[in-house]
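Enquirer: generate a structure from the sequence data that follows.
(4 chains)
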Protein chains: 2
Amino acid sequence: MAATRAPRLTTKGQATRRRIVEGAAEEIRERGIAGTTLDDIRARTATSKSQIFHYFPGGKEELLLAVAAREAERVLEDQEPHLSNLDTWSAWQSWRDAVVARYERQGINCPLGMLITELGRATPAAQALTSQLIGQWQAALRTGIQRLQDTGEVDPQLDADRTAAALVAAVQGGVTILMSTGRLNHLEAALDTSLTFLRTAAPNVG
Amino acid sequence: MAATRAPRLTTKGQATRRRIVEGAAEEIRERGIAGTTLDDIRARTATSKSQIFHYFPGGKEELLLAVAAREAERVLEDQEPHLSNLDTWSAWQSWRDAVVARYERQGINCPLGMLITELGRATPAAQALTSQLIGQWQAALRTGIQRLQDTGEVDPQLDADRTAAALVAAVQGGVTILMSTGRLNHLEAALDTSLTFLRTAAPNVG
DNA sequence: GCTAAAATGGACCAGCAAGTCCATAAACTG
DNA sequence: CAGTTTATGGACTTGCTGGTCCATTTTAGC
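Expert: Below you'll find the model as predicted:
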């Protein structure tokens, strides 16, 4: 509400704005949010102070929010095309591998997580952002589970939404632990155990 | 290595030191790590600047590390006596309830998580701290699973350690989501699904 | 091309917070 | 009780960082 009395952006302006967001994201990924100053971003993106405030009148907070939004997009993007096509067990397996690979690559840095812990308490907007991300993620997984139920691979009695919620939590936890300790095995264990659970919940068992 | 050329502490000194750590922990729980200054802590604990640096020669970082260590202890303490006595299904259920209650009470604030995201990248010490916490947690859960295997309630084929790892990740993820969105249901779903999985992995099924 | 709006450069400011210093008061030790 | 170590008070410094301001250049539309 308060922020962004948006001036109309020219092509050049859009490019610059984008450059700032991307540069800020990179900087945060490398140095962490606490270690990132507007001046670092300014230097990295070859812009001036006034440009930052021109495109983000709300100052640092608004910029960080934009970065968070961008990173949230990336989280889901990076799981495609698997996440939207969880029709078969092998598709699920591919998704699992993609998730592991993605976070293995990213390593210690979870820019989104940082942004959330930093912004979450201050900005309701950040909280809304996270909720939305988790909602979308969970919905995609739920759809996948329902597909398996439709094709009779999984017990239709199973609460797909709740199971999807558990799955999201499991992945999230694995990632958090990866971030804090550098170990990947919790994420793998979480994913594999969850998938085993799904496989176990076959209709012939119930 | 570098820090803490510890002077011998008198009784009074120990008390003051403790007071600072506790006060800092409270402040961080309320205001978040970014919003907590040494001066806030000083005011809250009725101490002077020089006292903080007297007891924590390494400055803010050393103090934060001490707070993180304290919070890590608390995490496990708060799960007792359940965590150490996971012998029966009902014990597991009590533990589940204790975890949910603990984090419901704590709400949005995960001081430990904040400290980790903030310190983790900078200090290897913080990373070691987290690894240790997770290790202990996982070990306790593993022991509980093994008990169930011993009493024949769970398939002995199940990899107890890996399952425990998945459980820790699930809880951690649920907590992270609670922190970022304020919703408790992911934590509950994660716990319940995990317990259902354990129950499903009964010897008669495999 | 002319004018208004947008984009850019960069000096400058103000506040804050970590950390330093030294002086003083208590507390152990023998 | 004397001397040394530890505890405490609090003023002061210093560097940084977010944010402001205004002058200048570029772009868009007619």
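Enquirer: where does chain A get nearest to DNA strand D, residue-wise?
Expert: Closest residue of chain A to DNA strand D, Cβ to the nearest atom of the strand: A:Gly59 (2.7 Å). C-beta: built from backbone N, CA, C; applies to glycine.
Enquirer: the closest residue to that residue other than its chain neighbours: how many residues sit nearby?
Expert: In this structure, A:Gly59 finds its nearest non-sequential neighbour in A:Phe53, 6.6 Å apart by Cβ to Cβ, 6 or more residues apart in numbering or on different chains. When neighbours are counted by other Cβ atoms under 10 Å in any protein chain shown, A:Phe53 registers 15.
Enquirer: got a list of contacts for the helix or strand where A:Phe53 lies?
Expert: For A:Phe53, the host element (DSSP states H and E) is helix A:49-55. By Cβ atoms under 8 Å, 6 or more residues apart in numbering or on different chains, the residues outside helix A:49-55 that reach it are A:Pro7, A:Gly13, A:Thr16, A:Arg17, A:Ile20, A:Leu38, A:Asp39, A:Ile41, A:Arg42, A:Gly59, A:Leu63.
Enquirer: equivalent analysis for stretch A:56-71, please.
Expert: Applying Cβ under 8 Å, 6+ apart, the contact partners of stretch A:56-71 are A:2-5, A:20-22, A:24-25, A:28, A:33, A:38, A:41, A:52-53, A:111-112, A:115-116, A:118-119, A:122-123, A:125-126, A:129.
Enquirer: give me the local confidence score for A:Gln136.
Expert: Here, the pLDDT recorded for A:Gln136 equals 97.
Enquirer: how does chain A divide up, domain by domain?
Expert: Using automatic domain parsing, the domain parsing of chain A gives A:11-67, A:71-200.
Enquirer: the closest residue to chain B within chain A: which element?
Expert: Nearest residue of chain A to chain B (Cβ to the nearest Cβ) works out as A:Gly173 at 2.8 Å. Per DSSP H and E, A:Gly173 falls inside helix A:160-181.
Enquirer: next one: A:Pro81
Expert: Per DSSP H and E, there is no helix or strand for A:Pro81.
Enquirer: and it, what does it touch?
Expert: Shown in contact with A:Pro81 (Cβ under 8 Å, 6+ apart): no residues.
Enquirer: switch to 10 Å and redo it
Expert: A:Ala91, A:Ser94, A:Trp95, A:Ala98 (Cβ atoms under 10 Å, 6 or more residues apart in numbering or on different chains).
Enquirer: end-to-end on stretch A:29-49?
Expert: Using Cα to Cα, to the nearest Å, the end-to-end distance of stretch A:29-49 comes out at 21 Å.
Enquirer: ok, that stretch near DNA strand C or not?
Expert: Yes: Stretch A:29-49 is in contact with DNA strand C by Cβ under 7 Å from any atom of the strand, via A:Ala46, A:Thr47, A:Ser48, A:Lys49.
Enquirer: could you find the closest non-adjacent residue to the third one?
Expert: The shortest distance from A:Ser48 to any residue that is not its chain neighbour, by Cβ to Cβ, 6+ apart, is 6.6 Å, and that residue is A:Arg42.
Enquirer: please export the C-alpha coordinates of the helix or strand that the one you found is a member of as CSV.
Expert: Per DSSP H and E: A:Arg42 is located in helix A:38-45. Provided in CSV are the C-alpha atoms of helix A:38-45 (Å, rounded to 0.1, in the frame of the first residue of the first chain):
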residue,chain,number,x,y,z
LEU,A,38,23.0,-1.4,-0.7
ASP,A,39,26.4,-0.2,-1.7
ASP,A,40,27.6,-3.8,-2.5
ILE,A,41,24.5,-4.1,-4.7
ARG,A,42,25.2,-0.8,-6.3
ALA,A,43,28.7,-1.7,-7.1
ARG,A,44,27.9,-5.1,-8.4
THR,A,45,25.1,-3.9,-10.7
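Enquirer: is any residue of that helix near DNA strand D?
Expert: Yes: counting by Cβ under 7 Å from any atom of the strand, contacts between helix A:38-45 and DNA strand D involve A:Leu38, A:Asp39.
Enquirer: related to what we said a few turns ago, turn the contacts of helix A:49-55 into JSON lines, columns for pLDDT and neighbour count.
Expert: What follows is the contacts of helix A:49-55, written out as JSON lines (pLDDT from 0 to 100; neighbours: other Cβ atoms under 10 Å in any protein chain shown):
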{"residue": "A:Pro7", "pLDDT": "69", "neighbour count": "10"}
{"residue": "A:Gly13", "pLDDT": "94", "neighbour count": "14"}
{"residue": "A:Thr16", "pLDDT": "97", "neighbour count": "19"}
{"residue": "A:Arg17", "pLDDT": "98", "neighbour count": "19"}
{"residue": "A:Ile20", "pLDDT": "98", "neighbour count": "24"}
{"residue": "A:Leu38", "pLDDT": "98", "neighbour count": "15"}
{"residue": "A:Asp39", "pLDDT": "97", "neighbour count": "10"}
{"residue": "A:Ile41", "pLDDT": "98", "neighbour count": "22"}
{"residue": "A:Arg42", "pLDDT": "97", "neighbour count": "18"}
{"residue": "A:Gly59", "pLDDT": "95", "neighbour count": "12"}
{"residue": "A:Leu63", "pLDDT": "97", "neighbour count": "20"}
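Enquirer: farthest-separated two in those residues?
Expert: For the contacts of helix A:49-55, the farthest-apart pair by Cβ to Cβ is A:Pro7 and A:Asp39; their separation is 23.6 Å.
Enquirer: A:Ala91: how many residues sit nearby?
Expert: The tally of other residues near A:Ala91 (other Cβ under 10 Å) stands at 18.
Enquirer: for chain A, what spans make up the helices?
Expert: Assigned by DSSP state H, the helices in chain A fall at A:11-31, A:38-45, A:49-55, A:59-77, A:89-106, A:111-119, A:124-150, A:160-181, A:185-200.
Enquirer: where among these is average confidence lowest?
Expert: helix A:111-119 (a mean of 79).
Enquirer: quick one on the thing from earlier: and the contacts of stretch A:56-71, which are buried?
Expert: Buried subset of these (neighbour count, 16 or more other Cβ atoms under 10 Å in any protein chain shown): A:20-21, A:24-25, A:28, A:33, A:41, A:52, A:111-112, A:115-116, A:118-119, A:123, A:125-126, A:129.
Enquirer: having no further points to raise, I will conclude here.
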